[in-house]
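Asks: what follows is a predicted protein model with its sequence.
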Amino acid sequence: MITAKPPEILSLHAGDLSLDLVPETGGSIARFRMGVIDLMRSSSPADIAARNPRQLASFPLFPYSNRVVNGRFIFDSQIHPLALNSAPHPHTLHGNAWQRPWRVEVARPSYVHLVIDHDPARDGAEAWPFAYRAAQVFRLEAGLLELTLTLRNQDRRPMPAGFGLHPYFPRTPDVRLTAQTSGVWRNTPEMMPVEHTAVPAEWDCSKGCSIADVTVDNCFTGWGGKALIEWPARHRGLSIEASPEFGNLVVFVPPKQDFFCVEPVTNVNDGFNKLARGEANTGVVVLKPGETLGGTVRFRVVRP
């Protein structure tokens, strides 16, 4: 019996912070810790060996965030079908970079630069019909993880674009979230975003709220780029500070799970089709050939 070799782990250290990356598995984070305290969901050796980013601590979203409804979008008057990449989910999710191995460009004790290139002729237009290069730069300092994302259009045509992060955090009985947003996209039972409304009271975390018993999987708009997660019993918190490109925040708190997600993203769910319908504030950026979109998210350890 031949056993597959586990994927390589790159470990970064700065003070008492540590970060484990798995480039082969979607350029994902496996662990982010301060000493023995997990600041993101910790991945077991079995999780890492399974090579499934959705079982790890965080993965990148390129060349768009979240859903493309029914796996098709319209751009420049052309319909582009996409492979349904997360069966049995009826929509295409999170782009394709999270399901591909990433290349290590630079690896130092507290700095890693990862890159991925997508060529539709080589990798399949059903994964994404435009050529692009995406990069992640991880910098670890005392008390701080800085992650810079960039997306470059390497096609000969303009390309609709976006990106984001999908981190998972420990869901403890006392965990609290603070984030100011101005609106939210309501979903159908099939998770299609259909109505933009004000944030309802039960989801309003502008002054801090407990999310231990909340169920939500929605894209919040008008995010100011700051959020705070607190674990009072652990005497730790994590502030999230994002550059202006990240104007939206996806919050995912599933029922009966020990994790939740707070996802800084550039585009709203199904943003490409919303753009094609002439809707405003989609967060979608149209990159000309050779143009690059970039943004930075900082995760800073704090004491509640």
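Replies: Received, thanks.

Asks: ranges for the helices of the chain?
Replies: 45-50, 120-123, 271-276 (DSSP state H).

Asks: chain center to the second one: distance?
Replies: A distance of 24 Å separates the C-alpha centroid of helix 120-123 from that of its chain, computed with CA atoms, centre = their mean, to the nearest Å.

Asks: mind listing what the nearest residue to Asn281 once chain neighbours are set aside touches?
Replies: In space, and not counting its chain neighbours, Asn281 is closest to Thr221: 6.6 Å by CB to CB, 6 or more residues apart in numbering. All C-beta spots, glycine's among them, are computed from the backbone N, C-alpha and C. Residues in contact with Thr221, defined by CB atoms under 8 Å, 6 or more residues apart in numbering, are Thr181, Ser182, Gly183, Val184, Trp185, His196, Gly247, Asn248, Val268, Asn281.

Asks: any weak-confidence spans in this structure?
Replies: 1-3 (pLDDT under 70).

Asks: which residue is nearest the middle of the protein?
Replies: Taking CA atoms, centre = their mean, the centroid of the chain lies closest to Leu165, which sits 1.9 Å from it.

Asks: surely it and Val262 touch.
Replies: No - using CB atoms under 8 Å, Leu165 makes no contact with Val262, being 9.3 Å away.

Asks: in the stretch 151-300 of the chain, which spans are strands?
Replies: Using DSSP state E, counting those that start in this stretch, the strands of the stretch 151-300 of the chain run over 159-161, 164-170, 176-179, 183-187, 193-197, 209-210, 216-221, 226-231, 236-242, 248-253, 259-265, 285-287, 292-302.

Asks: in CSV, list the ones you listed along with distance to Asp123.
Replies: Listed next are the strands of the stretch 151-300 of the chain as CSV, based on distance: least, CB to CB, whole Å:
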stretch, distance to Asp123
strand 159-161, 15
strand 164-170, 21
strand 176-179, 35
strand 183-187, 30
strand 193-197, 28
strand 209-210, 42
strand 216-221, 27
strand 226-231, 34
strand 236-242, 29
strand 248-253, 26
strand 259-265, 23
strand 285-287, 18
strand 292-302, 20
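
Asks: nearest to Pro109, out of those strands?
Replies: The stretch from these with the least distance to Pro109 (CB to CB) is strand 292-302; that distance is 18.4 Å.

Asks: pull up the pairing partners for the closest one, direction included.
Replies: According to DSSP bridges, strand 292-302 has the following sheet partners: strand 144-153 (antiparallel), strand 236-242 (antiparallel).
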